[in-house]
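Peer 1: I would like to see how this sequence folds:
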Amino acid sequence: MERSEELERVDRFLEYLAVDRGWHTLEECAGVLGVGLDTAREVVRLLASVGFVDYDEGRGVVRISPDLAGFIVESP
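Peer 2: Numbering: from 1, shown residues only. This next block holds a predicted model:
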């Protein structure tokens, strides 16, 4: 089964967040995802709703969930 380009973007985004496990701005996330700020916000909200990321909406920052970070291995 072929993976969609959108799913590949989300995979790359989660790998990016897993590298340092630190907080990243929504603007930074939008750049990594290659989408506008509103779309990035929706993607982050979705990922937060399933526990993949922690999203501090008040500060506009995102980090990978500590539980998920241990499962992500960056592809060579």
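
Peer 1: Output the longest helix belonging to the chain.
Peer 2: helix 5-20 (DSSP state H).

Peer 1: Quick one: residues in contact with that one.
Peer 2: Identification of contacts with helix 5-20 by Cβ atoms under 8 Å, 6 or more residues apart in numbering yields 24, 29, 32-35, 43, 47, 52-53, 62-64, 68-69, 72, 74-75. Heads up, the C-betas are built off the backbone N, CA and C, glycines and all.

Peer 1: ok, now with 7 Å
Peer 2: His24, Cys29, Val32, Leu33, Gly34, Phe52, Val53, Arg63, Ile64, Ala69, Ile72, Glu74 (Cβ atoms under 7 Å, 6 or more residues apart in numbering).

Peer 1: Any idea how far that helix is from the middle of the chain?
Peer 2: Mean-position distance between helix 5-20 and its chain equals 6 Å (Cα atoms, centre = their mean, to the nearest Å).

Peer 1: next helix or strand past it?
Peer 2: The C-terminal neighbour of helix 5-20 among helices and strands, as given by DSSP states H and E, is strand 24-25.
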